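[1] Model the following, please.
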Amino acid sequence: MKQFLMTLAAVLCCASLFTSCNKNNPDQPVGPDTTPVAAVMDYSFEVSDDLLNAFDLTVEYYDATGAVKSEAMTSKTWTKTVKSNQLPATLGARVNIKLKSGFDPSKEGVFNAKHLCGYQYDCINKSGEKIGKGGISTVEGGSSMKYEKVPAYAERYQDKPIMKYLFNFAADGTATSGSWE
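    As a prediction, the model looks like this:
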């Protein structure tokens, strides 16, 4: 019995030694860090030449701190990538329009009020790596009309954005669609 106990103690000691060595082995693969600490969003808006030429376009977006910033859209395409500082976070963007003074509604032809908005978001870990909690979408919209209808179009969107999206990110990295209104 004494020999059996001594053998058992030796086996347990070796098992303990191998187990503790395994935990400190730098060659031992470590699972990926899947803990979200922030979110990153790519914003994208594109408009037709007619919209850019006839309207003052203003993009409002949530920045890294959660503050709403505003930029004039001076080309047909506007893009920006924003990484939140922490979770929970709110990220989103929208485009507001205002008819430029001096617009001539008597012009002949067709006015194309076409636009495209898109986004891609991901949650990231403390190393800045994407962890698979993300989404992507593009939406095309707008209409074609006679130039004489453009002032009514402008009035319709006077207090509403022509393109928008907004997401609320929880502490666990889940994202739910939100509203600017």
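
[2] C-alpha only now, for contacts and for neighbours.
    Fine.

[3] Pick out the residue nearest the middle of the chain.
    M41 (2.4 Å; CA atoms, centre = their mean).

[4] quick one, what contacts the residue lying closest to T174 once chain neighbours are set aside?
    Closest residue in space to T174, ignoring its immediate chain neighbours: K133 at 7.0 Å, by CA to CA, 6 or more residues apart in numbering. Each residue near K133 by CA atoms under 8 Å, 6 or more residues apart in numbering is listed here: D122, C123, G173, T174.

[5] How many neighbouring residues does the first one have?
    If I follow you right, that is D122. 22 (other CA atoms under 10 Å).

[6] and the closest residue to T79 other than its chain neighbours, how many neighbours does it have?
    Setting aside the residues directly before and after it, T79 is nearest to S44 in space (CA to CA, 6+ apart), at 4.4 Å. Under the neighbour criterion other CA under 10 Å, S44 is assigned a count of 18.

[7] what's the distance between S44 and Y61?
    Applying CA to CA, to the nearest Å, the value for S44 to Y61 is 11 Å.

[8] cool, M163 as well?
    12 Å.

[9] what touches both of those two?
    Joint contacts of M163 and Y61 (CA under 8 Å, 6+ apart) are R94.

[10] So if I had to pick from these two, which one is more boxed in?
    Y61 (24 against 21).

[11] show me what contacts the nearest residue to that one once chain neighbours are set aside?
    Nearest residue to Y61, sequence neighbours excluded (CA to CA, 6+ apart): A93, at 4.1 Å. A93 makes contacts with Y43, V59, E60, Y61, Y62, K164, Y165, L166, as judged by CA under 8 Å, 6+ apart.
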